[in-house]
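Q: Structure for this input, please:
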Amino acid sequence: MNKFNFYANLPTERINKNTFDIDRIPLKKILKKLNEEDKKVPIAVSKRLNEISKAAKIVSEAFLSDKTVFFVGAGTSGRLGILEAAELVPTYGVKPEKFRAIIAGGKSAVFKAKEGAEDDYDKGKDTIKKIIKKGDVLIAIAASGVTPYVKGAMEGAKNSKAKVIFITCNPKEKPKNSDINIAIDVGPEPINGSTRMKSGTATKLVLNMITTSAMILSGKVYHNWMVDVKPTNYKLVMRAERVFSEITGMGVKSAKKFLKDSNYNVKTAVVMALKNITKEEAEKLIKRHKGFLKDILNK
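A: Have a look, this model is predicted:
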């Protein structure tokens, strides 16, 4: 098969018959068709919960073992990886060096498309080999499933004995270098080949599910509160105070006092208040229970 036919036959390049007339219908009908196509995405994602579950366990195990999780992709896929890595830090209080994102073309490709960068297999392989270690995890993202830069990164990760999770919207692609293959069949894009649409939405959903469930498995959530939130702005300070109050049943005045005494560590503040112990004692208790607040409070 020549390259023209190979790329034409990718699932992400198929023609969507439902939107073939999208350039000649009224705006409201355009929006309705786009919305109808988007509705198909969570259904497609729901069919891959087994694979997503396995991926979440791998990420949680790596995190609890003080390993590093890398996201790699090109274009939209790379930007989604960057978003995931960046937002884990304030939400769950993780160290930024433990969740790192790499995009084909480097930092400048975040804001300006550098499409040719995705074709460099060796660059992807060499970039990852320099930084990834045994026991680390690579989450490789490629909507089409065939991005050379990402495929190279996967080989580099496997050569370094790291785990590889592959997220794609090409169910036909079964790469040899992935431990977990999460292939979401979202069907053809509303606009032919525009993978920032349904494929991008599916990727974002999968990434959210992997990282959120991994953080839950790692003791970063109590009930459904983010008890390791980093209060780095006014909104997050208010959230920390509110979470403390809801867990302890104490008022705002107590929340401010205990949070101040714990250097605004919600988990430590809660244990101090409910166990009536010092900051140092609370920290030791949290460490002994590996950060799981439910095991300390028994409720």
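Q: for this structure, longest helix please?
A: With DSSP state H applied, the helix covering the greatest number of residues in the chain is identified as helix 198-217.
Q: which other residues reach whichever helix or strand comes after it?
A: Remark: after helix 198-217, the chain's next helix or strand is strand 221-222, criterion DSSP states H and E. Contacts with strand 221-222, where a contact means CB atoms under 8 Å, 6 or more residues apart in numbering, come from 215, 227, 247, 267, 293, 294, 297. Just so you know, the C-beta spots here come from the backbone N, C-alpha and C atoms, and that holds for glycine as well.
Q: what does stretch 123-140 give?
A: 55, 58-59, 62, 65, 67-73, 81, 100, 102, 104, 117, 148-157, 159-167, 178, 207, 210.
Q: Relative to the whole chain's centre, how far out is that stretch?
A: Put simply, stretch 123-140 sits 17 Å off its chain's centre (CA atoms, centre = their mean, to the nearest Å).
Q: Convert it to PDB, retaining C-alpha atoms only.
A: Coordinates of the C-alpha atoms in stretch 123-140 are reproduced here as PDB (Å, rounded to 0.1, in the frame of the first residue of the first chain):
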ATOM      1  CA  LYS A 123      14.000  12.600  17.700                       C
ATOM      2  CA  GLY A 124      11.100  11.100  19.700                       C
ATOM      3  CA  LYS A 125      13.200   8.000  20.600                       C
ATOM      4  CA  ASP A 126      16.300  10.000  21.600                       C
ATOM      5  CA  THR A 127      14.400  12.600  23.600                       C
ATOM      6  CA  ILE A 128      12.700  10.000  25.800                       C
ATOM      7  CA  LYS A 129      15.800   7.700  26.200                       C
ATOM      8  CA  LYS A 130      17.700  10.700  27.700                       C
ATOM      9  CA  ILE A 131      15.200  11.200  30.500                       C
ATOM     10  CA  ILE A 132      13.100   8.100  31.200                       C
ATOM     11  CA  LYS A 133      14.200   5.400  33.600                       C
ATOM     12  CA  LYS A 134      13.300   1.800  34.500                       C
ATOM     13  CA  GLY A 135       9.900   1.800  36.400                       C
ATOM     14  CA  ASP A 136       8.800   5.100  34.900                       C
ATOM     15  CA  VAL A 137       5.600   5.400  32.800                       C
ATOM     16  CA  LEU A 138       5.200   6.900  29.300                       C
ATOM     17  CA  ILE A 139       1.700   7.900  28.300                       C
ATOM     18  CA  ALA A 140       2.000   8.100  24.500                       C
END
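Q: quick revisit: just the buried ones from the contacts of strand 221-222?
A: 215, 227, 247, 267, 293 (16 or more other CB atoms under 10 Å).
Q: Report the contact partners of the first one.
A: Translated: residue 215. Contacts of residue 215 (CB under 8 Å, 6+ apart): 60, 63, 88, 91, 92, 94, 221.
Q: Distance from the helix or strand where residue 87 lies to the middle of the chain?
A: In the assignment (DSSP H and E), residue 87 maps to helix 76-92. In terms of CA atoms, centre = their mean, the centre of helix 76-92 is set 6 Å apart from its chain centre.
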